[in-house]
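**Q** I need the structure of the sequence given here:
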Amino acid sequence: MRILVVEDNKAVSLIICRIIEELGHEYVLAADGEVALRLFRQREVDLLILDVELPVLDGFSVAREVRNEDRNIPILFISGNSSEAYQQQSLDAGGDTLMAKPIRPSELRRWLEGYLAKAS
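**A** As a prediction, this is how the structure comes out:
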């Protein structure tokens with residue numbers, strides 16, 4: 001399985017990518033929304049892990065573009081803002097889940113394992 005990770009914070013992206021590798025999957029990394037859309041269109045990806053606050057094009061905009069092209073790809077938003085209103089915004093933009101930062105590796109691992117088990 002190939003996972004597109006869109007995160008501009010190197011420490012956070014390192015944590016996410018390490019977990020993906022430990023689970024035996026491949027990742028593609030983008031640091032901004034514009035690059036993320038280009039990679040999404042160029043490569044087949046099975047899952048999107050998407051920061052909301054990104055340079056160039058924010059995560060909500062990226063998700064809306066992705067949803068216009070692929071209604072079925074799961075989108076996990078990550079954000080420092082986990083308010084109820086923000087969670088609703090993430091759903092409205094096409095996200096499946098919003099995970100709060102700082103990322104807890106065990107929580108991300110559990111979510112990924114649950115998703116991957118359903119996808120198999």
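**Q** Could you use CA atoms for every contact and neighbour count after this?
**A** OK.
**Q** what about S83, how many neighbours?
**A** 12 (other CA atoms under 10 Å).
**Q** One more: E69?
**A** E69, neighbours per other CA under 10 Å, totals 12.
**Q** phi, psi of it?
**A** phi -100, psi -30 (degrees, to the nearest 10).
**Q** Same question for L29.
**A** phi -110, psi 140.
**Q** Let me know whether it touches N9 as I believe.
**A** No: counting by CA atoms under 8 Å, L29 sits too far from N9 to count as a contact (11.3 Å).
**Q** Tell me the confidence at F40?
**A** F40 is assigned a predicted lDDT (pLDDT) of 96.
**Q** so who does it touch?
**A** The contact partners of F40, by CA atoms under 8 Å, 6 or more residues apart in numbering, come to 4, 66.
**Q** same question, the one 10 residues further on
**A** With contacts taken as CA under 8 Å, 6+ apart, L50 has the following neighbours: 5-7, 59, 75-78.
**Q** Could you report the distance from the most centrally placed residue in the chain to R64?
**A** In the chain, the centroid-proximal residue (CA atoms, centre = their mean) is I49; its distance is 1.0 Å. Distance of I49 to R64, computed by CA to CA, to the nearest Å: 14 Å.
**Q** worst-scoring helix or strand of this structure, pLDDT-wise?
**A** helix 105-119 (a mean of 88; mean pLDDT, DSSP states H and E).
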